[in-house]
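S.K.: With the input below, show me the fold.
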Amino acid sequence: MSCSIHQPWPLCSYLTPPQKLSVSSSNPKFHNRVRCTLIESLAEANPSSTVEPLLLRAVRGETVQRPPVWLMRQAGRYMKSYRELCEKYPMFRERSENVELAVRISLQPWKSFKPDGVKNEAAVLGFVGAPFTLASYVIEGGSSKHFAKIKQMAFQSPKVLHALLKIFAESMVKYIQYQADSGAQVVQIFDSWATELSPVDFEEFSLPYLKHIVDSVKRTHPSLPLILYASGSGGLLERLYLSGVDVISLDWKVDMTEARKRLGENVAVQGNVDPGALFGSKDFIKKRIYDTVAKAGRNKHILNLGHGVLVGTPEENVAHFFEVAKGITY
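M.R.: Down below sits the predicted model:
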């Protein structure tokens, strides 16, 4: 049987030691809307029990010994243990809507890559889709090459699209608040398809709704860091910053040094190693990690890929990525 972890957008994923988040399996909203995925943010060695996770400290600009690290799509088809589980549970909805299975999948990379531990050594991450990206999937009926349908609506019936975007924005505010109240310590917003918009259209159909989400969440959860990721966002970096998020996640098509200069020192950055680098030799992977960390600097950087782990990536290379990352000392 074949299996797929692909999904249009990650509505909610939790990076958590299992004891830190408890969600009732009888909650229908959880079954219908939540996919739990463990996304470990590795902490420094031998932290005291009172020290917060490395990721949170790095985002705030505190002095840390190395960058925190996690990988988008680090639980998935490249892992043998996941493929074996897919053979037993071939339906994606079964794997994503069953709490026990979702937790089991979430823990696979945690167990495989031997991070520094649990308790305060890991951060809890939640995920949501941004309004324009959610609207794109609804209007296009799935992924798209040219996004002609949603652009037709944007340019012919903008009031209709704005009404839909407003609904999604309000829903995502509530969803982020729900995740934070359930234990999420950081939330990443995916606006995967907003980069299909021109800058002027991004300012009309994406940015206002991102700002609304950020402003609304900060009123109720002022200390909750928010990360924004949009693939292919090199032409929109300054506009992404205007959303008010705490972290801009960069894809690999942007030079980290240039991105730092364009964004300034007040916002943290995440990324941005090319996912394809994990097909290279171990020495090559190490060089790319060191290059990225050197360009990002010591302040406010989360080490990650510029996109998710690709299908077919050697599992041992992912393990090597974490090993190298955890061995870095500023």
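S.K.: surely residue 292 meets residue 303?
M.R.: Yes: counting by Cβ atoms under 8 Å, residue 303 is a contact partner of residue 292 at 6.9 Å. (Glycine included, C-beta is placed from N, CA and C.)
S.K.: Who has more neighbours out of these two?
M.R.: residue 303 (27 against 24; other Cβ atoms under 10 Å).
S.K.: in what helix or strand does residue 55 lie?
M.R.: Secondary structure from DSSP states H and E places residue 55 in helix 54-59.
S.K.: could you point out which element follows that helix?
M.R.: Using DSSP H and E, the next helix or strand after helix 54-59 towards the C-terminus is helix 80-88.
S.K.: Give me the buried positions along that next one.
M.R.: In terms of neighbour count (16 or more other Cβ atoms under 10 Å), helix 80-88 has its buried residues at 81, 82, 85, 86.
S.K.: What distance do you get for the second one to residue 276?
M.R.: Okay, so that is residue 82. 20 Å (Cβ to Cβ, to the nearest Å).
S.K.: Just the buried residues of stretch 281-290, please?
M.R.: Going by neighbour count (16+ other Cβ under 10 Å), the buried part of stretch 281-290 is 285, 286, 288, 289.
S.K.: quick one, helices of the protein?
M.R.: 28-33, 54-59, 80-88, 92-97, 99-112, 131-140, 148-156, 158-181, 199-205, 207-220, 237-241, 256-263, 282-296, 315-326 (DSSP state H).
S.K.: now those helices in a markdown table, with distance to residue 190 and mean pLDDT?
M.R.: Formatted as a markdown table, the helices of the chain follow (distance: least, Cβ to Cβ, whole Å; pLDDT from 0 to 100):
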| stretch | distance to residue 190 | mean pLDDT |
| --- | --- | --- |
| helix 28-33 | 15 | 39 |
| helix 54-59 | 18 | 94 |
| helix 80-88 | 21 | 92 |
| helix 92-97 | 16 | 90 |
| helix 99-112 | 18 | 86 |
| helix 131-140 | 6 | 96 |
| helix 148-156 | 16 | 97 |
| helix 158-181 | 11 | 98 |
| helix 199-205 | 15 | 97 |
| helix 207-220 | 11 | 98 |
| helix 237-241 | 12 | 97 |
| helix 256-263 | 18 | 97 |
| helix 282-296 | 21 | 98 |
| helix 315-326 | 21 | 95 |
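S.K.: hey, which of those helices is tucked in deepest?
M.R.: Of the helices of the chain, the one with the most neighbours on average (mean count of other Cβ atoms under 10 Å) is helix 54-59, at a mean of 24.
S.K.: The buried residues of stretch 281-290: which two are farthest apart?
M.R.: With distances taken as Cβ to Cβ, the most widely separated pair in the buried residues of stretch 281-290 is 286 and 288, at 7.4 Å.
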